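predicted coordinates and the sequence they were generated for:
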Amino acid sequence: MSWPVSLTQLSLGHKFIQPIVAVTWPASLQQLSFGYFFNKPIIGAMCFNRPIVGVVWPASLKELSFGDVFNEPSVDVVSPASLKQLSLGGFNQPIVDVVWPASLQLLSFGRFFNQSIANVVWPTTLKQLSFGHKFTKESFGRPRCSSYRLAVVSTSRLSEWCGRPR
């Protein structure tokens, strides 16, 4: 498959279910979203739940969104250095050993995430961290902080961490 060289945003619709195999992403791609029913391998979404270890993302990618069913380990995933926003849909995997991109500013975990974040090393660029309603205080632990940042939980169990109290 060949993409236009000037493509900056790609959103695969809810009904897109074709495999994406042997794809060379355009160097200009900055935003990639997977649709609800997409559940095919990505080699070289909401129902997307396939391993992404070994995927070579475009170096220019700034935003990456996975849908509600995505729940694959991310420990050995290499994200592009340019990534600023990452949305992990229904993700509920350990993240203690995940190496986050140094440029990441917004990280959103979906409604099912309920893993310990006590020893997670967050990028110093992170400005917003969102958790879904399944995230509990027991998962919170003692975060390691290197800068001020805001954490948002949909159920308001936690409003701020590593920052000044409101």
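Looks like it came in fine. Numbers count the residues shown, from 1 in each chain.

was I right about Gly132 contacting Asn92?
No - counting by Cβ atoms under 8 Å, Gly132 stays clear of Asn92, with 9.3 Å between them. (Each C-beta comes from the backbone N, C-alpha and C, glycine too.)

mutual contacts of these two, please.
A shared contact of Gly132 and Asn92, defined by Cβ atoms under 8 Å, 6 or more residues apart in numbering, is any residue touching both; here these are Gly110, Phe112, Phe113.

and those residues, which is closest to Ala102?
Phe113 (22.1 Å; Cβ to Cβ).

just give me the neighbour total for that closest one.
Residue neighbour count, defined by other Cβ atoms under 10 Å, stands at 23 for Phe113.

ok, it - contacts?
With contact taken as Cβ under 8 Å, 6+ apart, Phe113 is in contact with Leu88, Phe91, Asn92, Phe131, Gly132, Lys134, Phe135.

so where's this structure shaky on pLDDT?
When the per-residue scores of the chain are filtered using pLDDT under 70, the ranges that remain are 1-2, 13-23, 34-55, 69, 137-166.

do a quick rundown of the helices in it.
Secondary structure of the chain (DSSP state H): helices at 137-140.

which residues in it form strands?
Counting by DSSP state E, the chain has these strands, from start to end: 9-11, 20-21, 31-33, 42-43, 63-66, 85-88, 106-108, 128-131, 150-153.

kindly provide the distance from Ser74 to Gly132.
When distance is defined by Cβ to Cβ, to the nearest Å, Ser74 is 16 Å away from Gly132.

cool, Trp25 as well?
Remark: distance between Trp25 and Gly132 (Cβ to Cβ) = 29 Å.

swap in Ser116?
Distance from Ser116 to Gly132, counting by Cβ to Cβ: 15 Å.

coming back round to it: nearest to Glu63, of the shared contacts of Gly132 and Asn92?
Closest approach to Glu63 among those (Cβ to Cβ): Gly110, at 15.8 Å.

pull the contacting residues for the closest one.
With contact set as Cβ under 8 Å, 6+ apart, Gly110 has these partners: Asp68, Phe70, Ser87, Leu88, Gly89, Gly90, Phe91, Asn92, Gly132.

buried members of those residues into ChimeraX, please.
Selecting only the buried members of the contacts of Gly110 in ChimeraX, with burial defined as 16 or more other Cβ atoms under 10 Å, works like this:
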select :68,70,87,88,89,90,91,92,132
